[in-house]
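*Asks:* Sequence first, predicted model second:
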Amino acid sequence: MDRVISDLVNRLQEAICEFKFEEIFTTNRSELYFPITNRLVRTVPEGSLQGLGIYNQSGERLGEYDSRATYSRAGGLNIRRSYTLHFFQFKDKQGQLQSTGNDLLLDSFLAQWPQIMNRTAIGNTVGFSK
């Protein structure tokens, strides 16, 4: 899934276009969860996931997607090379802002397919980050 999105983003950098999740991925299952990965958060247009229901791997609703966030980290012995990690924040059932942090790297957060399928997965008319 991540590779498909990355490849499309790279190939369409110069084109003005927009693709919904359902135009990229097909399924005949309506009860399906879609992983909210680091790559997905990094590449979708900023407002695309706003208000999306967020679930854990047990299917429990954790809250609602609020915003993307980033932080930089220096890696290993080569301290001069830093990289940026993307994660997201969501409002829990009590309305408190929660951060996914490193848990995002474990595919711990999911969205229901019917809720995400009509949202923009790739679109450079709004802008996205590589």
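*Replies:* That came in fine, so what should we check first? Owing to the predicted nature of the structure, the values given are computational and were not obtained by experimental measurement. Numbering: from 1, shown residues only.
*Asks:* quick one: the helices in the protein?
*Replies:* Using DSSP state H, the helices of the chain run over residues 2-11, 21-24, 38-43, 113-116.
*Asks:* of all these, which lies closest to Arg81?
*Replies:* Smallest distance to Arg81 across those (CB to CB): 18.2 Å, for helix 38-43. Every residue, glycine included, has its C-beta placed from N, CA and C.
*Asks:* Packing partners of the closest one?
*Replies:* Packed against helix 38-43, as judged by 3 or more CB pairs under 8 Å, 6 or more residues apart in numbering; DSSP states H and E, are the following elements: helix 2-11, strand 78-92.
*Asks:* Now distance to Phe21 too, for the ones you listed, in a markdown table please.
*Replies:* What follows is the helices and strands packed on helix 38-43, written out as a markdown table (distance: least, CB to CB, whole Å):
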| stretch | distance to Phe21 |
| --- | --- |
| helix 2-11 | 9 |
| strand 78-92 | 16 |
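*Asks:* Among these, which comes closest to Tyr55?
*Replies:* Distances from Tyr55 to each of those were compared by CB to CB, and the smallest falls on strand 78-92, at 10.4 Å.
*Asks:* Contacts for that closest one next, please.
*Replies:* 36, 38, 41-42, 49, 54, 62-75, 97-102, 104, 109, 129 (CB atoms under 8 Å, 6 or more residues apart in numbering).
*Asks:* and that strand, C-alpha only, in PDB?
*Replies:* Output of strand 78-92 as PDB, limited to C-alpha atoms (Å, rounded to 0.1, in the frame of the first residue of the first chain):
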ATOM      1  CA  ASN A  78      26.000   9.900  12.000                       C
ATOM      2  CA  ILE A  79      24.500  12.700  14.000                       C
ATOM      3  CA  ARG A  80      24.800  15.200  11.100                       C
ATOM      4  CA  ARG A  81      22.200  13.400   9.200                       C
ATOM      5  CA  SER A  82      18.700  14.100  10.500                       C
ATOM      6  CA  TYR A  83      15.400  13.000   9.100                       C
ATOM      7  CA  THR A  84      11.800  14.100   9.600                       C
ATOM      8  CA  LEU A  85       9.100  11.800  10.900                       C
ATOM      9  CA  HIS A  86       5.400  12.400  10.400                       C
ATOM     10  CA  PHE A  87       2.700  11.400  12.800                       C
ATOM     11  CA  PHE A  88      -0.800  12.600  13.500                       C
ATOM     12  CA  GLN A  89      -2.900  13.800  16.400                       C
ATOM     13  CA  PHE A  90      -6.400  12.800  17.100                       C
ATOM     14  CA  LYS A  91      -9.100  13.800  19.600                       C
ATOM     15  CA  ASP A  92     -10.000  11.000  21.900                       C
END
